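# my questions concern the predicted model and sequence given below.
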Amino acid sequence: MRGWKRVAGMCGGDGAKGAVFVRLVCIQFVLALLLLTGQETDAQVLQLHNRLPSDRTAEVIEIPLSQVLLHAHIPERSAQFLVAEDAASKQRVPAQLYSAAGGSSPDTLLLYVQLAAKGTKEFVFRVDPHAPAQNALVFGREAPERKDDFAWENELVTYRIYGPALQATGEIASGIDVWSKRVPNFVIDSFYTRDLEGQRTHNPALSYHRDNGQGLDSYLVGPTRGCGGTAVLVDGRLYASKNYTSLHVLADGPIRFAFEVTYAPWDANGVVVTEKKQITLDAGTHLNRIESTYTFQGAPTLQMVAGLAMHDGAMVEFPVAGSVAAVWDTPQLPSAGRIATGIVADPREHAVTREEDGHALMVFTRRSGEPFVYYAGSGWSKADMPTMKDWTAYLKLQLLQMEHPVIQSWK
């Protein structure tokens with residue numbers, strides 16, 4: 001009813017003024033306009049509430065797209081033009097349509113928000129086909145500059161893995177590599193560009209293994225699990241795959257980057273296993289969400305692990321048994337400070353933490369086809385993680401936020 005009164009008001013009130021025909025045409029026009037913008041009736045406001053007594057780090061919140069369209073009165077055909085705004089400041093909020101089910105049609109709206117201790121924020125939604133493109137906060141691509149490296153990043157961290165073309169040269173590594181950076185801008189393109197120029201000109205100062213003020217690659221993966229790579233654990237030994245065999249990008253921003261990789265079958269102490277892995281990196285976090293699924297025959301269960309390499313001089317802590325593993329690692333160049341790596345797992349994953357075979361491990365016992373989920377990432381002592389205490393505090397906060405997700409409601 002209030003929506004109808006609004007239309008009548010926009011077209012000259014209750015009929016006291018103006019010609020009847022003009023009023024009817026005006027009302028039809030305004031109704032069509034309101035239908036296009038999804039505001040033909042009073043839309044509801046989304047409330048996000050942090051129940052923790054501490055500030056949350058910036059995070060991407062998942063909201064069922066069907067709820068947004070229903071409560072904001074936006075037709076499904078207009079979802080692609082959806083714009084989210086902070087109700088108080090009227091500022092646009094970084095958002096992204098996403099398919100959580102992995103299909104071609106989006107079923108989720110992602111919002112990038114930060115909530116204060118016990119804080120609540122409200123958000124409104126509208127349709128704007130002419131809204132400018134949002135700034136990308138995540139990025140990733142294959143790097144033909146170095147065979148088929150695949151690298152991805154947000155404003156805090158950069159990672160890469162290695163593909164079959166590189167494996168053909170004899171470089172076999174299925175762990176996750178870390179690039180350390182201290183700048184919020186993307187570095188993948190510039191790192192590869194200057195490294196190639198250094199090779200062309202025989203100038204080692206241009207190598208991405210040298211810190212140029214933005215950061216560098218000073219993390220040695222080799223045959224290790226690197227920063228969160230997976231393997232099968234049998235009698236204290238890790239059995240890992242070779243390089244990935246196929247890769248498919250699932251989402252490419254602006255606030256979530258996600259892809260899926262598969263690995264060729266390999267022998268894990270007499271059991272042939274295969275692995276499919278989905279890696280997701282959101283804006284504002286140091287941690288990748290990783291979901292891994294192993295398939296195998298010949299054993300009822302296997303112990304699969306996510307591992308953090310421990311190079312000479314590394315320190316390890318398990319501040320929350322079964323849920324948090326932290327390594328304060330040594331880079332290849334002593335001048336590069338310290339590289340922090342960590343893994344966080346929800347207690348419902350029933351993981352076990354321990355140190356074995358040169359790694360800090362998060363161990364998951366699973367049947368064939370049963371996935372396990374964990375979060376793995378890195379920090380740098382020359383950026384925003386100056387001490388191991390800072391790093392472990394960050395990891396514990398991520399676990400706390402995981403256990404106490406943001407509360408969503410509509411009013």
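Okay, I see it.
# distance of residue 231 from residue 292?
Relative to residue 292, residue 231 is positioned 10 Å away (C-beta to C-beta, to the nearest Å). No exception for glycine: its C-beta is placed from N, CA and C like everyone else's.
# looking at those two, which is more packed in?
Shown here are residue 231 and residue 292; by other C-beta atoms under 10 Å, residue 231 has more neighbours (26 against 23).
# tell me what the more buried one is bridged to.
residue 305 (DSSP bridges).
# might you report the residue contacts of it?
Contacts for residue 231 (C-beta atoms under 8 Å, 6 or more residues apart in numbering) come out as 225, 238, 239, 240, 241, 304, 305, 307.
# helices of the stretch 301-411 of the chain, start to end?
Here the stretch 301-411 of the chain has its helices, by DSSP state H, counting those that start in this stretch, at 388-403.
# which parts of it are strands?
Assigned by DSSP state E, counting those that start in this stretch, the stretch 301-411 of the chain shows strands spanning 302-309, 315-320, 324-329, 339-344, 352-356, 359-366, 372-380, 407-410.
# can I get those in JSON lines with mean neighbour count and distance to residue 259?
Listed next are the strands of the stretch 301-411 of the chain as JSON lines, based on neighbours: other C-beta atoms under 10 Å; distance: least, C-beta to C-beta, whole Å:
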{"stretch": "strand 302-309", "mean neighbour count": "26", "distance to residue 259": "17"}
{"stretch": "strand 315-320", "mean neighbour count": "17", "distance to residue 259": "29"}
{"stretch": "strand 324-329", "mean neighbour count": "26", "distance to residue 259": "24"}
{"stretch": "strand 339-344", "mean neighbour count": "28", "distance to residue 259": "19"}
{"stretch": "strand 352-356", "mean neighbour count": "16", "distance to residue 259": "27"}
{"stretch": "strand 359-366", "mean neighbour count": "23", "distance to residue 259": "21"}
{"stretch": "strand 372-380", "mean neighbour count": "25", "distance to residue 259": "15"}
{"stretch": "strand 407-410", "mean neighbour count": "13", "distance to residue 259": "27"}
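# what sits against the closest residue to residue 321 other than its chain neighbours?
Once flanking residues are discounted, residue 321 sits nearest to residue 353: 5.7 Å by C-beta to C-beta, 6 or more residues apart in numbering. For residue 353, the contact set (C-beta under 8 Å, 6+ apart) comprises 318, 321, 322, 323, 324, 325, 360, 361, 362, 363.
# and what of residue 182?
By C-beta under 8 Å, 6+ apart, the residues touching residue 182 are 214, 215, 380, 382, 383.
# returning to that earlier point: between the contacts of residue 353, which is closest to residue 58?
residue 324 (20.1 Å; C-beta to C-beta).
# show me the beta-bridge partners of residue 362.
Counting by DSSP bridges, the residues bridging with residue 362 are residue 306, residue 353.
# separation between it and residue 84?
Noted for residue 362: a distance of 35 Å to residue 84, by C-beta to C-beta.
# contacts only, for residue 137.
94, 112, 154, 155, 253, 254, 255, 283, 284.
# mind running it again at 6 Å?
When the contact criterion is C-beta atoms under 6 Å, 6 or more residues apart in numbering, the partners of residue 137 are 154, 155, 254, 255, 283.
# among these, which lie within strands?
Using DSSP state E, residue 154 are the members of these that sit in strands.
# what is the nearest of the contacts of residue 137 to residue 119?
Closest approach between the contacts of residue 137 and residue 119, by C-beta to C-beta: residue 283, at 19.2 Å.
# contacting residues for the most centrally placed residue in the chain?
Central residue of the chain (C-alpha atoms, centre = their mean): residue 281, 2.0 Å from the mean position. When the contact criterion is C-beta under 6 Å, 6+ apart, the partners of residue 281 are 138, 152, 154, 257, 288.
# and the contacts of the strand or helix carrying the fourth one?
Counting by DSSP states H and E, the secondary-structure element that holds residue 257 is strand 256-268. Defining contact as C-beta under 6 Å, 6+ apart, one finds that strand 256-268 is touched by 60, 96, 110, 138, 140, 152, 232, 239, 241, 244-251, 272, 274-282.
# drop anything exposed from these.
Neighbour counting by 16 or more other C-beta atoms under 10 Å classes 60, 96, 110, 138, 140, 152, 232, 239, 241, 244, 247, 251, 274-275, 277-282 among the contacts of strand 256-268 as buried.
# straight-line length of stretch 104-116, end to end?
One end of stretch 104-116 sits 35 Å from the other (C-alpha to C-alpha, to the nearest Å).
# would you mark the buried spots in that stretch?
106, 108, 109, 110, 111, 112, 113, 115.
# wait, doesn't the last one sit right on residue 56?
In this case it means residue 115. Yes - Residue 115 lies in contact with residue 56 (C-beta atoms under 6 Å); the separation is 4.9 Å.
# intersection of neighbour lists for the two?
Common neighbours of residue 115 and residue 56 are listed as residue 50 (criterion: C-beta under 6 Å, 6+ apart).
# partner strands of the strand holding residue 257, with direction?
In the sheet, strand 256-268 lines up against strand 246-252 (antiparallel), strand 271-282 (antiparallel) (DSSP bridges).
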